[in-house]
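Got a sequence here, can you build the structure:
(2 chains)
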Amino acid sequence: MEKFISHSGTGVPLRRSNVDTDQIIPAVYLKRVTRTGFEDGLFAAWRSDPDFVLNQPQYKAGTILVAGVDFGTGSSREHAVWALQNYGFKVVISSRFADIFRGNSLKGGLLTVILPQSEIEGLWTAIETDPNTSIEVDLQSREVRYNGKKVGFELDDYTRWRLMEGLDDIGLTLRKIDEVEKFEKNRAVYKPKTLPILS
Amino acid sequence: MGKALAEKVWNDHIVRQNAGEPDLLYIDLHLIHEVTSPQAFDGLRLSGRTVRRPELTLATEDHNVPTIDIDKPIADPVSRLQVDTLRKNCAEFGIRIHSLGDVEQGIVHVVGPQLGITQPGMTIVCGDSHTSTHGAFGALAFGIGTSEVEHVLATQTLPLNRPKMMAINVEGTLKPGVTSKDIILAVIAKISTGGGQGYILEYRGSAIRQLSMEARMTICNMSIEAGARAGLIAPDEITFEYIKGRPHAPKGKEWDAALAYWKTLQSDSDAKFDKEITLNADELSPFVTWGTNPGQGVPLNAAVPIPSEIEDEQERVAAQNALTYMDLKAGTPMKAIKIDTVFLGSCTNGRIEDLRSAAEIIKGKRIAGDTRMLVVPGSARVRLQAEAEGLDRVFLDAGAEWRSAGCSMCLGMNPDQLKPGERAASTSNRNFEGRQGKGGRTHLVSPLVAAATAIKGTLASPADL
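Okay, the predicted model is just below:
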């Protein structure tokens, strides 16, 4: 995974709450067996509307999505994270994310930042006033900076360290595989197995 | 201090615990399907890793599969490739798979319980957010993303941060015509789609204890619609009775040992919950959604809400957007809403009891002239059982379509989709914009309301017939 230390870019204001993962990428776009090419499905239903924020030329270069509360609810599809990344987003900022989406994003290196709703409103206004507003999202100091303003955000030390080092969770767990083996020796014998097939 | 049920199950699965790190939990059962697994298997191959415990892994084909002509090759080449990829991956890594046409094929969350492979006190994951269904057995079960699918395949564990605990007490007795679907829709309307975020929900109380296992599964299934990754119910005699004798249920001495453990799986009387809410089951009536998220619901006897009366600004804007998308006028009685398509099925309400209860309403009647009804059993076994009981004839004679098992119109990934502007009463779990087909409009309902609506052509409960 690519290391994430800080990112500077411009924002895209998505003034909607409850953007579920079916909105981020509808099911009909989930049939690919690769991790790439999902950008076409990103916000597919809204992309046909010329007024939709991603279709407005002043936001074309945006890499930081600033969304309403409860972003990423619903389906566990990690394709939602891939679609945002394939399109070019590096960061999503909202006042609340759904648990599974947030987990997926932080595994895949898409930084999700939680800020209070009042700060979201402030960012929306700043971006809409000047779409070229430079926004810096700094994981080192856990701060979002724009227009001379600094807003801190929380992220647990472990996840921050993993993102900053670009570490793969599986590799980390496999280093401790002896502990898994030890656990397995003590598992109850009555726990079900899928094999052999019983009827 | 006492412990909540979910904490007990969590603690029994900790492989490794270190301050400042997520807990590493052992996973007892990993369910997989065609949509969220291909990239995970690719990841394993790229890094030269393998599946650690194929015998704790089970695959079915459900999201993408057609529900008619299942003996023919899948018509859509992209869908076909995805299903073929699952078959190849399972063959390569030695994973049990129930493919289209197999008697055990079906929606992954219907198949697990049916095989008796879902048991109390287990950790169960699947790359599908409705994995919470298995919580009905007192298992800790939740949906994961594809990166986590790969992690479980490679290590049979997951690093997870411990969630908070919420008790949802449902006391009293449901009135006739009111179902567990109405309970969960009322819970979500009460706490909203974000209310359970960061929590594991435990459904408790006298009304829950009276429910069958299938009704309990409907409730736990929709925990994710309240924002909670998992929801569970303490196992009891109803649970043990359901599991006993199923193909993968423990037998003999192992049954006794398992049962002794399962009986410890209850929240202690002095367990502390981070949050607690209470609902009175006696006051509940059939519930239905009017908007575009599952929290936007009202009793069927009520009317479409008036957005200008909603205090919270974000909720008001969301309600206005929803009414525009749903093409509804504020104040319209829900029962005046005309329905084009009724969908009976899904991991929420596609089990045999759901089909039986709907068939009982429909028996001897005809579906309204311009309404279509699609009945999709949750698994091939449910379909066979229904046919043995003659339920297929009841639906067909009424003018409904009788299909083969799969996720079908719940998410419209296969050809079973709504057309733009079409309005559905659906026993599934999500009324998101375009969920059941681009431009389609969804009202979530119970199987009883679905059946009555099919007959009447407008949203209705059996009492309205």
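
all strands of chain A, in order?
Taking DSSP state E as the criterion, chain A carries its strands at A:6-9, A:11-14, A:64-67, A:91-94, A:111-114, A:135-138, A:143-146, A:149-152.

Including mean pLDDT, could these go into CSV?
CSV is the format used below for these (pLDDT from 0 to 100):
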stretch, mean pLDDT
strand A:6-9, 98
strand A:11-14, 98
strand A:64-67, 98
strand A:91-94, 98
strand A:111-114, 98
strand A:135-138, 98
strand A:143-146, 98
strand A:149-152, 98
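
The ones you listed into JSON lines, with extra columns for distance to A:L30 and mean neighbour count?
In this view, the C-beta of every residue, glycine as well, is placed from N, C-alpha and C. Shown next, in JSON lines, are the strands of chain A (distance: least, Cβ to Cβ, whole Å; neighbours: other Cβ atoms under 10 Å in any protein chain shown):
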{"stretch": "strand A:6-9", "distance to A:L30": "27", "mean neighbour count": "15"}
{"stretch": "strand A:11-14", "distance to A:L30": "21", "mean neighbour count": "23"}
{"stretch": "strand A:64-67", "distance to A:L30": "20", "mean neighbour count": "26"}
{"stretch": "strand A:91-94", "distance to A:L30": "19", "mean neighbour count": "25"}
{"stretch": "strand A:111-114", "distance to A:L30": "21", "mean neighbour count": "21"}
{"stretch": "strand A:135-138", "distance to A:L30": "28", "mean neighbour count": "19"}
{"stretch": "strand A:143-146", "distance to A:L30": "31", "mean neighbour count": "19"}
{"stretch": "strand A:149-152", "distance to A:L30": "35", "mean neighbour count": "13"}
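
how about those strands in JSON lines, adding distance to chain B?
Converted to JSON lines, the strands of chain A look like this (distance: least, Cβ to the nearest Cβ, whole Å):
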{"stretch": "strand A:6-9", "distance to chain B": "20"}
{"stretch": "strand A:11-14", "distance to chain B": "13"}
{"stretch": "strand A:64-67", "distance to chain B": "12"}
{"stretch": "strand A:91-94", "distance to chain B": "11"}
{"stretch": "strand A:111-114", "distance to chain B": "11"}
{"stretch": "strand A:135-138", "distance to chain B": "21"}
{"stretch": "strand A:143-146", "distance to chain B": "21"}
{"stretch": "strand A:149-152", "distance to chain B": "20"}
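
quick one: which of those strands is nearest A:A126?
Ranking the strands of chain A by proximity to A:A126 (Cβ to Cβ) places strand A:143-146 first, at 6.0 Å.

Report the backbone C-alpha coordinates of that closest one in PDB.
Provided in PDB are the C-alpha atoms of strand A:143-146 (Å, rounded to 0.1, in the frame of the first residue of the first chain):
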ATOM      1  CA  GLU A 143      -4.700  18.400  11.000                       C
ATOM      2  CA  VAL A 144      -6.700  19.800   8.100                       C
ATOM      3  CA  ARG A 145      -5.400  23.200   7.000                       C
ATOM      4  CA  TYR A 146      -6.900  25.700   4.600                       C
END
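
What strands line up against that strand, and which way round?
Sheet pairing of strand A:143-146 (DSSP bridges) gives strand A:135-138 (antiparallel), strand A:149-152 (antiparallel).

Need the residues that contact the first one.
With Cβ atoms under 8 Å, 6 or more residues apart in numbering or on different chains as the test, strand A:135-138 has contacts from A:5-11, A:64, A:90-91, A:93, A:111, A:113, A:123, A:127, A:143-146.

try 7 Å this time
For strand A:135-138, contacts defined as Cβ atoms under 7 Å, 6 or more residues apart in numbering or on different chains pick out A:6-11, A:64, A:91, A:111, A:113, A:144-146.
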